[in-house]
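**Student:** I'd like to go over a predicted model; first the sequence, then the structure.
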Amino acid sequence: MSRRAGLAVLLLAGSACAGCSVPHPFTVRHGPAGSPAAESATATAATATAATATAPSSPVALVTPGPDGLRVLHLGDFGERTPQQAAVANAAAALHARANFAVALFAGDLLYPCGPDASRPGAEACTFAPDDNTVATPPAGPTDPAFADLHERPLAGLLQGGPPRILLALGNHDVYSRFGCGVPALSAEATARRKACLNVAHATPLWSLPARHYVVDEGPARFVVLDSNTIYADYGGFTLETELAFLDGALAGCEHRTCFVLLHHPPVLAGVHVKDFESPALVARMARLEAVAGGRIRAWLAGHDHDLQHLRTASGVDVLISGNGATARPSERFERTAPSGTLLFASTAWGLGVLTVRPDGWDYRFEETQGRPLHCCAASGAGRCEPVACAPATPATPR
């Protein structure tokens, strides 16, 4: 067994069975999400559902998947070669065939379990520019095969038709330097910094991470991409202060655009990482992030928890977690939300998220790998994304 494969077993053991299917995913729906569109008897029987009896106060609308608007794939925690990853990749390709994605967002943990190999010959040549954000000198030597093995090859289906614009965010595993993920001759800080550099330096049609944090305007939307590792702790010479200053500047003009923040670590969640918020320091750092964003963004688009979740922060901003890309946690029951906020929907089902942005609003749809819609919401103008009934999926477009 290779060192990478062995570490994958070590770090992911106990969280899920990487090769197992999830025939009976667990799903919860609360509040206005408690009365979603009618499901078939088979689908309902196959889903353990804990939902409140609260019904929407007005008739629900149908969110119909279609080519209108800016169509965006949202997927996180994808970088582990498992049968689940293959199923999710196939589902993404099928959705792209149905109607091309203009943008594909990947919310971190791109290369499990350790990120790129910082000990490869030539990796030491990779250095950041004085801005500590873009790369000044790329690595020397051959390309780390992990980029192709764990990300690019599984996603080759997205290259069919008109390929989407790829936007990546760094996750904690992409710069991991603890346990067996370190480099003997380097400190943990230096290792994490080098791994961040290697991630940013790599560029292909399916890998675009031009800086640790950056901004992309596409159609009516703006995507602000953060390195949320700095929210958990300063690392590798990168600081929370720098990240907050960048975010503040990047959100200028969001009164004229529909702005989203793509990051790995969400500001509120209800899965296994709820325990992270037992740290008062993290709660305080995350609160600073939310304060800078204020009411200027429409949603936080995240990963980290290996499941699908729709929540709201205490201030009422939508949080959409699409982190079930490769390694599900089927025992998750979503019993607690932290640090504060509201859980509307959560599921252990294998699946992904589809965001559609229009000039007058946006909507979001979680869909399982077999194509069945799981949860939908729609927002008008600057309003919240309110749960609505999902329309059935449409057939794929022949190529």
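**Tutor:** Looks like it arrived, so ask away. Numbers count the residues shown, from 1 in each chain.

**Student:** and the longest helix belonging to the chain, average pLDDT?
**Tutor:** Secondary structure of the chain per DSSP state H: the longest helix is helix 83-98. Mean per-residue pLDDT for helix 83-98: 97.

**Student:** buried residues, it. List them.
**Tutor:** By neighbour count with 16 or more other C-beta atoms under 10 Å, helix 83-98 contains the buried residues 84-85, 87-89, 91-98. The C-beta positions use only the backbone N, C-alpha and C, and glycine is treated the same way.

**Student:** in JSON lines, list the residues you listed along with distance to residue 282.
**Tutor:** Shown next, in JSON lines, are the buried residues of helix 83-98 (distance: C-beta to C-beta, whole Å):
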{"residue": "84", "distance to residue 282": "28"}
{"residue": "85", "distance to residue 282": "29"}
{"residue": "87", "distance to residue 282": "33"}
{"residue": "88", "distance to residue 282": "29"}
{"residue": "89", "distance to residue 282": "32"}
{"residue": "91", "distance to residue 282": "33"}
{"residue": "92", "distance to residue 282": "31"}
{"residue": "93", "distance to residue 282": "37"}
{"residue": "94", "distance to residue 282": "38"}
{"residue": "95", "distance to residue 282": "34"}
{"residue": "96", "distance to residue 282": "36"}
{"residue": "97", "distance to residue 282": "41"}
{"residue": "98", "distance to residue 282": "39"}
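
**Student:** dump the residue contacts of residue 157.
**Tutor:** Applying C-beta atoms under 8 Å, 6 or more residues apart in numbering to residue 157 gives the contacts 89, 90, 92, 93, 94, 96, 97.

**Student:** now residue 189
**Tutor:** By C-beta under 8 Å, 6+ apart, the contact set of residue 189 is 177, 235, 236, 237.

**Student:** what pLDDT does the last one get?
**Tutor:** Turning to residue 237, the model gives it a pLDDT of 98.

**Student:** pretty sure it sits against residue 131.
**Tutor:** No: the criterion here is C-beta atoms under 8 Å, and residue 237 misses it with residue 131 at 11.6 Å.

**Student:** of these two, who's got more company?
**Tutor:** A direct count of neighbours by other C-beta atoms under 10 Å for residue 237 and residue 131 places residue 237 higher, at 13 against 10.

**Student:** residues contacting that one?
**Tutor:** Residue 237 makes contacts with 132, 189, 193, as judged by C-beta under 8 Å, 6+ apart.

**Student:** tell me how far the longest helix of the chain lies from the chain's centre.
**Tutor:** On the basis of C-alpha atoms, centre = their mean, to the nearest Å, helix 83-98 sits 16 Å off its chain's mean C-alpha point.

**Student:** put the alpha carbons of the next helix or strand after it into PDB.
**Tutor:** Downstream of helix 83-98, the first helix or strand assigned by DSSP states H and E is strand 103-106. Below are the C-alpha coordinates for strand 103-106, written out as PDB (Å, rounded to 0.1, in the frame of the first residue of the first chain):
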ATOM      1  CA  VAL A 103     -19.200  27.600 -13.800                       C
ATOM      2  CA  ALA A 104     -18.200  24.700 -11.500                       C
ATOM      3  CA  LEU A 105     -17.300  25.500  -7.900                       C
ATOM      4  CA  PHE A 106     -15.200  23.100  -5.800                       C
END
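
**Student:** pairing partners for the very next helix or strand once past strand 103-106, with directions?
**Tutor:** Remark: after strand 103-106, the chain's next helix or strand is strand 127-128, criterion DSSP H and E. Within its sheet, and counting by DSSP bridges, strand 127-128 is paired with strand 135-137 (antiparallel).

**Student:** list the buried residues for the strand it pairs with?
**Tutor:** Residues of strand 135-137 classed as buried by neighbour count (16+ other C-beta under 10 Å): residue 135.

**Student:** contacts for that strand?
**Tutor:** The list of residues contacting strand 135-137 from outside it, by C-beta under 8 Å, 6+ apart, reads 125, 126, 127, 128, 129, 130, 197, 200, 201.

**Student:** from residue 97, how far off is residue 162?
**Tutor:** Separation of residue 162 from residue 97 (C-beta to C-beta, to the nearest Å) stands at 11 Å.

**Student:** residue 89 too?
**Tutor:** 13 Å.

**Student:** any chance of CSV for the contacts of residue 157, columns distance to residue 171?
**Tutor:** Below are these laid out as CSV (distance: C-beta to C-beta, whole Å):
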residue, distance to residue 171
89, 18
90, 23
92, 18
93, 23
94, 25
96, 23
97, 28
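
**Student:** out of these, flag the one nearest to residue 334.
**Tutor:** For these, the closest approach to residue 334 (C-beta to C-beta) belongs to residue 92, at 24.3 Å.

**Student:** contacting residues around the closest one?
**Tutor:** 73, 75, 104, 155, 157, 158, 352.

**Student:** again, only using 10 Å
**Tutor:** By C-beta atoms under 10 Å, 6 or more residues apart in numbering, the residues touching residue 92 are 73, 75, 78, 101, 104, 154-155, 157-158, 164, 325, 352, 354, 367, 369.

**Student:** all set now, cheers.
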